[in-house]
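Asker: For reference, the sequence and a predicted model appear below.
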Amino acid sequence: MSKQEKAPIFDTLINHAKQRMTSFHTPGHKNGRGIDKKLLDFTGKNMYYFDVTVFPEVDSLHDPTGCIKQAQELMAKAYRVQNSFFLVNGSSVGNQAMLLSACNPGDSVILSRNVHKSVLGGIVLAGLWPIWLQPKVDQNLDIILDAEPDQIAEAIKKFPEAKAVFVTSPTYNGVTSDLLEIANICHRNNKILLVDEAHGPHLRFHRDFPISAVEADADMVVQSVHKILSAMSQGSVLHVNSNRISINRVKKIVSMLQTTSPSYLTLASIDLARRQAVMHGEKLLGQVMDVAEEGRKRINRMKNLFCFTRDDIRSREYDLDVTKLTINVTKTGLTGQEIENILNEKYNIQIDCADVFNLIAIMGIGSTRSDVNKLVSALNDIDNKHHGAQKNLDFDLPSLTTEMVMIPREVLLERDSKRVPLRKSVGHISAQTLTPYPPGIPVLIPGERITQEACDYIIELSEKDIRISGQETDTLRTIKVVK
Ligand SMILES: Cc1ncc(COP(=O)(O)O)c(C=O)c1O
C-alpha cells in the first residue's frame, strides 16, 4: 500500500470507535447518546463516535506527535511542500495565520482591495500597513480581476520597504493570476509571496487546471479543502514552502489562532480528502471539468445567457479553472439575484452567489453530469422566457487615490469612532469598510482619508440604490470615522 493510501486520522478514529470506550471526556453528548433525538434520527449515531476531544490515542492538533502529525506530513507530500497545517476554522484563519507568520507589527504588505474580509482581520491582528492595489474591473465580462504582475512590480518599486505580497488566486470566478511571474517578481525583490488559494485546493491534482500556487513557488498558501475537495465545512490547510518563513513561528501562530477543541470529524475529512484527491483526483476532477465544459457550451448556445471560456480569460493574460461557471445574465432583463431566486424557488437549485450581472455556480468533486443537466435545463427555460435591455457595468469607477493615514489596527482597536453626515465626511479618517456590490471593491477601508472623490462616488451609488456592504444603517446618510 502506498503511503498516500493511508488516512491516519480516520484510521485512528475508527479503531477508537470500535473500542466503544466509556467516555469521561468532552464533548458532553458521550458518543452521541446525549444528542437531541431530532438530529440523531437524521444523522444516525456512528459519526458521534468520531466527535472526541484531545487524548493521546487521537493526538493533539496543537502539538501533534501521532496521527495528526502523520496526516499533515502526507498532506505536505501530496502538495510537494515543506510543511502543511490542518485548519479547523477555514481559510479565514489561514489568511490571518499567513500575515501573522510572514510579517512583524508595523511591516507593510501589498495586496488588492478586493481581498476576502478575513484578510483585513489579519492586517488588524498583525498590526500591518496595507498597500492597496486597485483591481481591474473587466467591463465586458462584468468581473473583477486581481492585480496584474506589472501592478505588483510597480508597487514594489514604489514601496520597497514592503515585506510581503498577498494575492488571491483563483478569484471567486475561478480566474487565476500569472503566479509564476508574480513569484518571480516577489523573489527577485526579496518579498514573501502569500497566496489565498481558498478556491484552488484541487488545482494540483489535474494537469489541465491552471498552475497552482504551491507549484508556482509561493512561500505560503492557504486552501479551503472543504470548498472544492471533500472535506467538511471549515476544513482548510496552510502550506509553507519557503526558507523565508520560520516554521516555529507558523506553528505558534496556527496554535494561537485555533480552538483547543478541534472537530475530529473535520480533521478526518481533511485527511480523507487528501487521500481521495491523490488516489482518484485526476479521474474525478477530469469528469467534473468535462461536464462543466459541456454545460458551458450549452449555456453559450442560449440567446440571453453567456458563460465566459478559458480562451476569453487567457486572452486577458489570466487563466481559468473551468469548473466554476460564471453566467452573465445581463441580456435577460433580470438581475443575477432575481435568477438566483427563480432557480431556488422554481427549480430547487441553489447556486453559490449572484450579483446584478452574474450567477456563479461552483462545481466540486461531488458534482455530477445530472446536476449540470438540471442547471442547464432550468437556465434554458429562463432564457426562453426572459429577454430585456442589456445592462452594463457602466459605473465610472473612480481612480480612488485614497491615502492610508492610520494603521487599521489603531482605527479598529485603539481609537473611538463617531458618525458624521456623509456629505461632511471629506477629510475624516474612515473607521469602516464600505463595499458597493457591484463591483465588490471597497471604496473606503479603515484608516483611509475620505476624499471628495470617494464621498461623491458613495453618494452617487446610494442614490442609484446600489447595495453597499458595511453601511450598518438602512440608508447611507452617515459614515463612521475616527473620533
Ligand atoms: C477568496 C476567499 N478567501 C478566503 C475565504 C475564506 O474561506 P473559509 O470559508 O474557508 O474560511 C473565502 C470564502 O469564501 C474566499 O472566497
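Answerer: Cool, got the structure.
Asker: can we go C-alpha only for contacts and neighbour counts from here?
Answerer: OK.
Asker: Neighbours of the closest residue to Ser430 other than its chain neighbours, how many?
Answerer: Nearest residue to Ser430, sequence neighbours excluded (CA to CA, 6 or more residues apart in numbering): Val481, at 4.5 Å. By other CA atoms under 10 Å, 24 other residues sit near Val481.
Asker: Show me how far stretch 79-94 is from its chain's centre.
Answerer: 13 Å (CA atoms, centre = their mean, to the nearest Å).
Asker: Other residues contacting that stretch?
Answerer: With contact meaning CA atoms under 8 Å, 6 or more residues apart in numbering, stretch 79-94 is reached by 61, 72-73, 75-76, 118-119, 196, 198, 204, 214, 222-224, 233-242, 254, 257-259, 262-263, 266-267, 270.
Asker: Then stretch 247-258?
Answerer: 61-62, 85, 87-89, 93-94, 97-98, 100-101, 240.
Asker: which helices and strands does the strand or helix carrying the residue nearest to Ser430 pack with?
Answerer: Assessed by DSSP states H and E, Val481 sits inside strand 478-482. On a contact count with 3 or more CA pairs under 8 Å, 6 or more residues apart in numbering; DSSP states H and E, strand 478-482 meets strand 417-421.
Asker: Now do Arg477 against Ser242, distance only.
Answerer: 48 Å (CA to CA, to the nearest Å).
Asker: Ok, Lys283 next?
Answerer: With distances taken as CA to CA, Lys283 is found 31 Å from Ser242.
Asker: Show me which residues of the chain sit near the ligand.
Answerer: 90-92, 116, 168, 171-172, 196, 198, 224, 234 (CA under 6 Å from any ligand atom).
Asker: how deep is the closest residue to Ile192 other than its chain neighbours tucked in, by neighbour count?
Answerer: Nearest non-adjacent residue to Ile192, counting by CA to CA, 6+ apart: Ala164, 4.4 Å away. Residues lying near Ala164 (other CA under 10 Å) number 23.
Asker: Can you name the residue of the stretch 251-400 of the chain nearest to the ligand?
Answerer: Minimum separation of the stretch 251-400 of the chain from the ligand (CA to the nearest ligand atom) falls at Asp352, amounting to 9.8 Å.
Asker: can you tell me the average pLDDT over stretch 61-78?
Answerer: For stretch 61-78, mean pLDDT rounds to 98.
Asker: Burial check on the residue lying closest to Met404 once chain neighbours are set aside, number of neighbours?
Answerer: Spatial nearest neighbour of Met404, chain neighbours left out: Glu448 (4.3 Å); criterion: CA to CA, 6+ apart. Neighbours of Glu448 under the rule other CA under 10 Å: 24.
Asker: And Glu448, how far from the ligand?
Answerer: 23 Å (CA to the nearest ligand atom, to the nearest Å).
Asker: Now the phi/psi pair for that residue, please.
Answerer: Main-chain torsions, Glu448, degrees, to the nearest 10: phi -90, psi 140.
Asker: what pLDDT does it get?
Answerer: Glu448 is assigned a pLDDT of 96 by the prediction.
Asker: rewinding a little: would you format the residues of the chain next to the ligand as a markdown table with pLDDT and secondary structure included?
Answerer: Shown next, in a markdown table, are the residues of the chain next to the ligand (pLDDT from 0 to 100; DSSP: H, G, I helix; E, B strand; the rest coil):
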| residue | pLDDT | secondary structure |
| --- | --- | --- |
| Gly90 | 98 | helix |
| Ser91 | 98 | helix |
| Ser92 | 98 | helix |
| His116 | 96 | coil |
| Thr168 | 98 | strand |
| Thr171 | 96 | coil |
| Tyr172 | 94 | coil |
| Asp196 | 98 | strand |
| Ala198 | 98 | coil |
| Ser224 | 98 | strand |
| Gln234 | 98 | coil |
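Asker: who does the helix or strand Val195 falls within pair up with?
Answerer: Element membership for Val195, per DSSP H and E: strand 192-196. Here strand 192-196 is paired, per DSSP bridges, with strand 164-168 (parallel), strand 220-224 (parallel).
Asker: Extract the CA atoms of the first one and return them as CSV.
Answerer: Spelled out, that is strand 164-168. In CSV, the C-alpha atoms belonging to strand 164-168 read as follows (Å, rounded to 0.1, in the frame of the first residue of the first chain):
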residue,chain,number,x,y,z
ALA,A,164,5.2,40.7,1.5
VAL,A,165,2.8,40.5,-1.4
PHE,A,166,-0.6,38.9,-0.9
VAL,A,167,-2.6,37.6,-3.9
THR,A,168,-6.0,35.9,-4.2
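Asker: check contacts around the residue nearest to Ser430.
Answerer: 417-420, 425, 428-432.
Asker: Over to Tyr318?
Answerer: Per CA under 8 Å, 6+ apart, neighbours of Tyr318: 175-178.
Asker: give me the beta-bridge partners of whichever residue of the stretch 201-350 of the chain sits closest to the ligand?
Answerer: Residue nearest to the ligand within the stretch 201-350 of the chain: Ser224 (4.7 Å; CA to the nearest ligand atom). As for beta bridges, Ser224 partners with Ser236 under DSSP bridges.
Asker: mind listing what it touches?
Answerer: 90-91, 197-201, 234-237 are the contacts of Ser224 under CA under 8 Å, 6+ apart.
Asker: quick one, whatever helix or strand Ala97 lives in and strand 220-224 angle?
Answerer: Assigned by DSSP H and E, Ala97 belongs to helix 90-102. Relative orientation of helix 90-102 versus strand 220-224 (axes from the mean of the first three to the mean of the last three CA atoms, to 10 degrees): 170 degrees.
Asker: For the helix or strand just after helix 90-102, output the C-alpha coordinates as PDB.
Answerer: Proceeding N to C from helix 90-102, the next assigned helix or strand is strand 108-112, under DSSP H and E. Provided in PDB are the C-alpha atoms of strand 108-112 (Å, rounded to 0.1, in the frame of the first residue of the first chain):
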ATOM      1  CA  SER A 108       3.600  46.700   5.200                       C
ATOM      2  CA  VAL A 109       2.000  44.300   2.700                       C
ATOM      3  CA  ILE A 110       1.000  44.800  -0.900                       C
ATOM      4  CA  LEU A 111      -2.500  43.500  -1.700                       C
ATOM      5  CA  SER A 112      -5.600  44.100  -3.900                       C
END
